[in-house]
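**Student:** Got a predicted structure plus its sequence, pasted below:
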Protein chains: 2
Amino acid sequence: ARVAPRPGLTLHPSDNRVELDRATHALQMAAEGRRVVVVSSGDPGVFAMASAVFEALEANPQYLALPVTVLPGITAMLAAAAAAGAPLGHDFCAINLSDNLKPFALIERRLRLAAEADFAMAFYNPRSKSRPHHFAQVLQILRESCGPARLITFARAVSTPDQQIRTTTLAEATEDMADMRTVVLVGNSATRRIGPHVYTPRFAQ
Amino acid sequence: ARVAPRPGLTLHPSDNRVELDRATHALQMAAEGRRVVVVSSGDPGVFAMASAVFEALEANPQYLALPVTVLPGITAMLAAAAAAGAPLGHDFCAINLSDNLKPFALIERRLRLAAEADFAMAFYNPRSKSRPHHFAQVLQILRESCGPARLITFARAVSTPDQQIRTTTLAEATEDMADMRTVVLVGNSATRRIGPHVYTPRFAQ
């Protein structure tokens, strides 16, 4: 529904979680001579459809000669950071918290190493119905690794009329502050509030 | 020169490395009642002007009531990644390699921890005339931490007519492959080539 219908355009909407099927279908149609666009919100290269298209290409090498172009976009963490101020103004990392894609032990390891590196952090897919308590564990790991005073921003439905930006400390953060439409940003040790804004300085010691 | 002149618009071009002066000047003009835009390429929140504006706001709290809005954009690593395929398709980090902004020891520490976390990595400001050999040290740290077979992509002048994308291994990479117009992307342990594309799978063990 995000792409308006028009003459000459055939829409093939599909559900979430069928990324590989969708990508393979797109390659099949392209091989038949159609011009195909795989549309996803944000930047397709950040936890979105671009990797799935290349995964489908790897599994179907008969399509390797097809010209594939990836168009960059504004990924959720950048829209969220801009709405909050500049919390990603210094070195940072992006972690997908879904354990559909990797074991929770790897997520925990990455969180602890990112904290040790003093990266600001952006989290995609913090919480879903199928793993409602997982994000509470993430918050506990962050409190242990970054301390209770570290700033955390919950950015919900960014760039829509429902947009909500809420910044608090890890001590005050609770798991219900995130849902599937939320991107979560955690500052580094220097991140601070300036009036209504949250920002991370460009310099570090 | 990137913003075309038009009636009613006053351009105040300024040099690189005077970010704080530029930001303070913008706040002064806004306080005088003008509508001011601070323009930078890419996303202003990623190693660009947004942090400098908040830094200026922090130093000049008399301007705190001014409405400041940050507009997100397509940051260099996302444009570079899209041109290469999807090398940032899994968890990744962004590190500014300039040691104008932090000590080299901190850069080294972050590189080693990012490798230990098995993040894909994007590097801004890999090399400049004032620190020509610094990037050779970075490559050496990466070879030690990630091994010689790890893929590295040099994306130069992305989205301009001079765009060049070159992917090789850390073993083959040399410091002269990067200059001030280059963004460097290093894959994680699973990043691979599929035909002309480089991609990082969505799943990890």
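**Tutor:** Received it, and whenever you're ready, just let me know what you need. Numbering: from 1, shown residues only, chains lettered A, B, ... in the order given.
**Student:** per the record, what domains does chain A have?
**Tutor:** What automatic domain parsing lists as the domains of chain A is A:1-73, A:76-199.
**Student:** chain center to the longest one: distance?
**Tutor:** Which is domain A:76-199. Averaging C-alpha positions (Cα atoms, centre = their mean, to the nearest Å) puts domain A:76-199 10 Å from its chain's average.
**Student:** Quick one: the helices in chain A, in order.
**Tutor:** Taking DSSP state H, the helices of chain A run over residues A:19-31, A:49-59, A:76-84, A:104-116, A:134-146.
**Student:** follow-up on the earlier one: of the domains of chain A, which is nearest residue B:200?
**Tutor:** The minimum distance between residue B:200 and the domains of chain A falls on domain A:1-73, with 6.5 Å, by Cβ to Cβ. The C-beta positions use only the backbone N, C-alpha and C, and glycine is treated the same way.
**Student:** ok, that closest one near chain B or not?
**Tutor:** Yes. Using Cβ under 8 Å from any Cβ of the partner chain, we find that domain A:1-73 touches chain B at A:19, A:43-47, A:50-55, A:57-58, A:64-65, A:68, A:70-73.
**Student:** Restricted to buried residues, select these in ChimeraX.
**Tutor:** Typed into ChimeraX, the line below selects the buried ones among the residues of domain A:1-73 next to chain B, using 16 or more other Cβ atoms under 10 Å in any protein chain shown:
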select /A:19,43,44,45,46,47,50,51,52,53,54,55,57,58,68,70,72,73
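**Student:** just to revisit the earlier point, from the helices of chain A, which stretch is densest packed?
**Tutor:** Sort the helices of chain A by mean neighbour count, taking mean count of other Cβ atoms under 10 Å in any protein chain shown, and helix A:76-84 sits at the top with a mean of 26.
**Student:** and the helices of chain A as TSV, adding mean pLDDT?
**Tutor:** Formatted as TSV, those follow (pLDDT from 0 to 100):
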stretch	mean pLDDT
helix A:19-31	96
helix A:49-59	97
helix A:76-84	98
helix A:104-116	97
helix A:134-146	97
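**Student:** for those helices, which one sits closest to residue B:149?
**Tutor:** Across the helices of chain A, residue B:149 has its closest neighbour in helix A:49-59 (18.0 Å, Cβ to Cβ).
**Student:** Show me what the closest one is packed against.
**Tutor:** Here helix A:49-59 touches helix A:19-31, strand B:85-86, strand B:192-194, strand B:197-199, going by 3 or more Cβ pairs under 8 Å, 6 or more residues apart in numbering or on different chains; DSSP states H and E.
**Student:** Can you say which of those is nearest to residue A:162?
**Tutor:** The closest of the helices and strands packed on helix A:49-59 to residue A:162 is helix A:19-31. By Cβ to Cβ, the value is 25.1 Å.
**Student:** Dump the C-alpha coordinates for the closest one into CSV.
**Tutor:** Extracted C-alpha coordinates of helix A:19-31, given in CSV (Å, rounded to 0.1, in the frame of the first residue of the first chain):
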residue,chain,number,x,y,z
GLU,A,19,12.2,-12.0,2.5
LEU,A,20,13.9,-14.8,0.6
ASP,A,21,10.8,-15.9,-1.3
ARG,A,22,10.1,-12.3,-2.2
ALA,A,23,13.7,-11.8,-3.5
THR,A,24,13.7,-15.0,-5.5
HIS,A,25,10.3,-14.0,-7.1
ALA,A,26,11.8,-10.7,-8.0
LEU,A,27,14.8,-12.3,-9.7
GLN,A,28,12.5,-14.7,-11.6
MET,A,29,10.5,-11.9,-12.9
ALA,A,30,13.6,-9.9,-13.9
ALA,A,31,14.9,-13.0,-15.7
